[in-house]
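>>> got a sequence here, can you model it:
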Amino acid sequence: MKHSERIVSHGDVSLSTEHFGKRGQPAVLLLAGATVSMLFWDEEFCQLLADRGFFVIRYDNRDVGRSTTYEPGTTPYDLLDLLDDAIAILDDYHLEKAHLVGMSLGGLIAQMAALKYPRRVESLTLIATGPWGNPDPGIPEMDTRILDFQAKSATVDWTNEDTVVDYLLEGAALMSGQKPLDRARTERTVRQEFRRANRYISMFNHAALQGGEAYYNRLDEIRQPTLIMHGTDDLIWHYRNSDTLLKGIKGSKRMTLAGTGHELHPQDWPAIVKGIANLAGC
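Model prediction:
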């Protein structure tokens, strides 16, 4: 059963969190990608993990959802601050360590966490992400369809819920790869994100994130058990980035999600949950 919201405060930052499952069970901390709130990790998905015997935490990064936001167009924090936010959540929940599951940007933060706080990270599940380091020039960059879609954001009225929903549903269709888009579920999530956000448009501050260079190109130092999950139809992080992760992180394994785009598709949830559980020995 999902518990009520828990606010984690450290320094001048407040982070909105929610948890599932029973305390005392192995902990899973879910790290979402850029611009999305904790709602990216659907309640049903979180409950599936809890049902496998995990204590699951999802949370809003800075500038999304109900966590601390900053003026649009400003980013007075960096990637290492987001990393330290994640560790502060573990501290507040009195957790010595956790299995980290990171999607996209969250996967980059998880990699840095494994290096900066190795004793706090039991395992890594890296979903639809790439290596924290110099890109391989032989791997295709972000698909031009995504770039064209992002360029249209300048014409969106971000104060109008219906306009925002229409635009983000178009984006979700691009993200869904060859798998069917559940438009009703996606629309429900977008509307919920829009309504619960402290300052919705501040999510775009994530585009200016910097920092973390001290942990660049250090994949070979990651020692935690690692599972790489990547969709073959990901238009943001090309599937071949999983090759780099697999080669760079010793002993890592890969789960290929055939036909999946840059998303956490409901059809993949059982396999993803099973993969995380097997990695954690649960």
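
>>> now the residue nearest in space to the middle of the chain, nearest residue through space, not along the chain?
With distances taken as Cα atoms, centre = their mean, residue 32 lies nearest the centre of the chain, 2.1 Å away. Closest residue to residue 32 apart from its sequence neighbours, by Cβ to Cβ, 6 or more residues apart in numbering: residue 40 at 4.6 Å. Using the backbone N, CA and C atoms, a C-beta is placed for each residue, glycine as well.

>>> and the one you found, how many residues sit next to it?
Residue 40 has 22 neighbours, counted by other Cβ atoms under 10 Å.

>>> for it, list the residues it contacts.
Applying Cβ atoms under 8 Å, 6 or more residues apart in numbering to residue 40 gives the contacts 32-33, 103, 189, 264.

>>> list the contacts of residue 130.
Residues near residue 130 by Cβ under 8 Å, 6+ apart: 107-108, 237, 241, 244-245.

>>> follow-up on the earlier one: look up phi and psi at the residue nearest to the centre of the chain.
When quoted as degrees, to the nearest 10, the phi and psi of residue 32 stand at phi -80, psi 170.

>>> that one touches residue 108, doesn't it?
No: between residue 32 and residue 108 there is no contact under Cβ atoms under 8 Å: 11.8 Å.

>>> that older thread, confidence score at the residue nearest to the centre of the chain?
Looking at residue 32, its pLDDT stands at 98.

>>> same thing with the one 3 residues further on?
At residue 35, the model reports a pLDDT of 97.

>>> can you tell me how far it is from residue 63?
Per Cβ to Cβ, to the nearest Å, residue 35 is found 8 Å from residue 63.

>>> over to residue 217?
Taking Cβ to Cβ, one finds residue 217 at 27 Å from residue 63.

>>> who has more neighbours out of these two?
It is residue 63, of residue 217 and residue 63, that has more neighbours when counted by other Cβ under 10 Å, with 28 against 12.

>>> quick one: contacts for that one?
Taking Cβ under 8 Å, 6+ apart, we find residue 63 in contact with 69-70, 75, 199, 202-203, 205-206.

>>> wait, a strand at it?
No: secondary structure of residue 63 (DSSP: H, G, I helix; E, B strand; the rest coil): coil, not part of a strand.

>>> any idea how far residue 178 is from it?
Residue 63 sits 32 Å away from residue 178, going by Cβ to Cβ.

>>> now swap in residue 243 and tell me
Taken as Cβ to Cβ, the span from residue 243 to residue 178 is 20 Å.

>>> more neighbours, these two?
residue 243 (16 against 11).

>>> per-residue pLDDT, the more buried one?
98.

>>> then the one 10 residues further on?
As predicted, residue 253 sits at a pLDDT of 98.

>>> contact partners for it?
Counted by Cβ under 8 Å, 6+ apart, residue 253 has contacts 226-228, 246, 279.

>>> put the buried members of the residues you listed into a PyMOL selection.
Per 16 or more other Cβ atoms under 10 Å, the buried members of those correspond to this PyMOL selection:
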select buried, resi 226+227+228+246+279
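
>>> what's the distance between the residue of the chain most remote from its centre and residue 190?
What lies farthest from the middle of the chain is residue 155; by Cα atoms, centre = their mean that is 26.4 Å. Here the criterion is Cβ to Cβ. By it, residue 155 lies 18 Å from residue 190.

>>> can you check residue 151 too?
From residue 151 across to residue 190, the span is 20 Å (Cβ to Cβ).

>>> those two: who's more crowded?
Just comparing residue 151 and residue 190: by other Cβ under 10 Å the higher neighbour count belongs to residue 190, 21 against 9.

>>> perfect, I'm done here.
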